[in-house]
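Trainee: got a predicted structure here, sequence first:
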Amino acid sequence: MNKKNELIYEGKAKKVFTHDDLDKVKIEFKDDATAFNALKKAKYEGKGKLNCLISAKIFRTLIEKNIPTHFIELENQNTMIAKKIKVIPLEIVLRNIAFGSLCKQTTIKPRTPLSKPLIDIYLKNDELNDPLITKDRIELMNILSSKDLDFIIDLTLKINLILKSFFKNIQLQLVDFKLEFGFDIKNNILLGDEISPDNCRLWDLNQKNDTIVSLDKDLFRNDLGGLIEAYSEINRRINEFLETN
């Protein structure tokens with residue numbers, strides 16, 4: 001990274017640096033893996049590169065479908081250049097199939113297909129352990145207007161349709177995913193962060209039997225191994241699909 005580019009922020013999986021253009025930032029993807037609010041940590045060589053490359057290809061696909069995102073271009077295999085945004089402190093989780101925390105917090109059985117996508121919103125706050133939050137609480141805390149929140153929910157539903165179809169084309173089932181948004185300098189809401197196996201739950205559709213084969217961060221969460229192999233496989237399938245379409 002250029003000496004002139006100063007570190008603005010370091011998260012669990014990425015570092016954000018200044019760019020020569022004040023309206024842009026450089027986002028460097030780290031090899032760190034974290035789970036359970038960073039109580040579990042590890043390093044996987046090559047993970048940052050894979051997440052960066054996968055995210056870039058998915059962002060390009062979304063931009064082609066008129067989804068406003070912060071992505072501009074890749075600087076290198078580990079770093080993307082993005083529009084500078086003021087991150088909204090909310091995590092938007094969309095679920096197509098019941099799994100994970102939803103099944104621990106409700107009576108819904110794991111693997112139940114949901115009749116319509118469920119959107120759960122969490123407050124992005126490590127100290128409070130990212131609690132589930134309501135629309136009224138969001139308004140009460142002055143995080144977002146109800147109009148902006150509705151816009152984000154509509155956008156998330158559109159993104160879900162695009163991603164479901166995209167992943168199905170490469171024999172992956174999109175179980176659920178987490179999105180983050182922010183305001184650009186003109187106060188437009190843009191999709192930010194990343195879209196990768198770190199924040200999407202992806203199951204392999206190539207299975208003959210009924211076993212779940214995860215190709216996502218659940219491999220790390222549940223000590224199943226093969227994380228880099230799974231992320232590499234997703235990257236390979238995306239490349240193959242994009243080359244022929």
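Mentor: Yep, it's here.

Trainee: list the helices and strands the biggest strand by length in the chain packs on?
Mentor: Ranked by number of residues, the top strand in the chain under DSSP state E is strand 113-123. Packing partners of strand 113-123 (3 or more C-beta pairs under 8 Å, 6 or more residues apart in numbering; DSSP states H and E): strand 90-97, helix 135-140, helix 146-169. Where you see a C-beta, it was placed from the backbone N, CA and C, and this is true even at glycine.

Trainee: list the strands paired with the helix or strand harbouring E28, with their directions.
Mentor: Take DSSP states H and E as the rule and E28 turns out to sit in strand 24-29. Partners of strand 24-29 in the sheet, by DSSP bridges, are strand 14-18 (antiparallel), strand 79-83 (antiparallel).

Trainee: return the last one as PDB; C-alpha atoms alone will do.
Mentor: Looking back up the chat, that one is strand 79-83. Provided in PDB are the C-alpha atoms of strand 79-83 (Å, rounded to 0.1, in the frame of the first residue of the first chain):
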ATOM      1  CA  THR A  79      -7.500  -4.800  -2.800                       C
ATOM      2  CA  MET A  80     -10.500  -3.100  -4.300                       C
ATOM      3  CA  ILE A  81     -11.100   0.600  -4.900                       C
ATOM      4  CA  ALA A  82     -14.500   1.700  -3.800                       C
ATOM      5  CA  LYS A  83     -16.600   4.800  -3.300                       C
END
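
Trainee: which element follows that strand toward the C-terminus?
Mentor: strand 86-87.

Trainee: so what are the sheet partners of that next one and their directions?
Mentor: Strand 86-87 has these strand partners (DSSP bridges): strand 181-183 (antiparallel).
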